[in-house]
Each structure stands twice: as structure tokens, then as C-alpha cells.
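> Here you go, sequence then predicted model.
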Amino acid sequence: MTKLYVQLREDHRNLVKVLDVLERQIALYDTREEEGTEKPDIALILDVMDYIQHYPDRFHHPLEEASFDYLIDNKLGDTAAMDAIRAEHQELEQSASKVRTLLNAINLGEAVPLDTLHKTLDQFHTQQIDHLKREEKTVFEDIKALDNAASSVILDRVEHRQDPLFTTVANQQFEELIRQL
């Protein structure tokens, strides 16, 4: 397997871990009224959203996009599948912004029905997981088929940056999120 494919798969595994933290926080809304149960941590949910909005959008998606461009330029792969994934990237950005706006409102003390928050977070989580699965079943198969030379060409097209959660040097910004992983 090429360095490109390994990086993309690793990014997905890491994102699933972060989404698992979000899922656990969402589940706490179901038990919030039971005595002695843990309450959802809005600061932790905000950290999850910071990560989801920044790392994938600034580094992972551009790497995918560069891969799609290479595949299309070289007439490899399923162009329709790549176009669909690109459209999903835009939808994911919009969904993340909507979730973030809702969370910021709560963080500022605005009244938001808990059912609305729960439903919004659950839909966002499902959308993210479904997207990852679609990518892996479609376009990742085309990327996996690329050789090392193609992988290097694609990797040279994008800025590389270490993942702020999954490195040997922990990022203080995500301290609580790192503990939850």
C-alpha cells in the first residue's frame, strides 16, 4: 500500500475515534435526567467540532481532492463517484457550520431545546460515518490501486501537517478530547 492510501485510511480511523467521542456525548442526552448520570460536556463537543471542522477540511479533504484530480486527469476511477464525494464534502462543511452555530448559541447561554441539539448532533454523526463508508467503498479503491510514483505526485501537491490529536506531541487545545480517545 502506498503512503497516500495509508494516510487517508489513518485519517479515517482517527476521525471515527473522534466521532465515537461525539456519539458518547450524544448518548448522554438520553440519560441526562437520570440521577447520578454523567452530563453531556459542551466544551468537549466543541473540541470535537473544532477538530472535525479544521483538520479534515484543511488537510484530509485537500489530499482526497488532489487524489481525485490525479485520477480524473489520468482517466482512472469512477468520475461520478468522485463528483458525488466532492459534493458531500461541501455538504459536510455546511452541516458542521450549522452544528457549530447551534453549539455556540448554547455556549453563549441561549436556550436551545435539548431534543433539537440531540437530533442535530445525531444527524451530523450519521452523515459523517455514512460519508466515510461511501468513500472507502468507492473512491478509496481507486486510490488504493495507485502505485508509489502516483502517490508521491499527489502527496507533493498538498500541504502536510501532523494531526493535532494523534501525534506524539499532544496539543493542549484538545487535552480533554485526547483523554476521551
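Structure received.
> how about stretch 94-110: buried residues?
By neighbour count on 16 or more other C-beta atoms under 10 Å, the buried set for stretch 94-110 is 95-96, 99-100, 102-103. (C-beta placed from N, C-alpha, C; glycine too.)
> Of these, which belong to helices?
Cross-referencing the buried residues of stretch 94-110 against helices under DSSP state H gives 95-96, 99-100, 102-103.
> Just put the residues you listed in CSV and tack on pLDDT and distance to R58.
Listed next are those as CSV, based on pLDDT from 0 to 100; distance: C-beta to C-beta, whole Å:
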residue, pLDDT, distance to R58
S95, 92, 17
A96, 91, 13
V99, 90, 18
R100, 89, 15
L102, 89, 22
L103, 87, 20
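> Run through who's touching stretch 105-113.
For stretch 105-113, the external contacting residues (C-beta atoms under 8 Å, 6 or more residues apart in numbering) are 42, 46, 102, 117.
> which one among those gets closest to Y5?
For the contacts of stretch 105-113, the closest approach to Y5 (C-beta to C-beta) belongs to L46, at 31.9 Å.
> Pull the contacting residues for that closest one.
L46 makes contact with 103, 107, according to C-beta under 8 Å, 6+ apart.
> Good, we can wrap up now.
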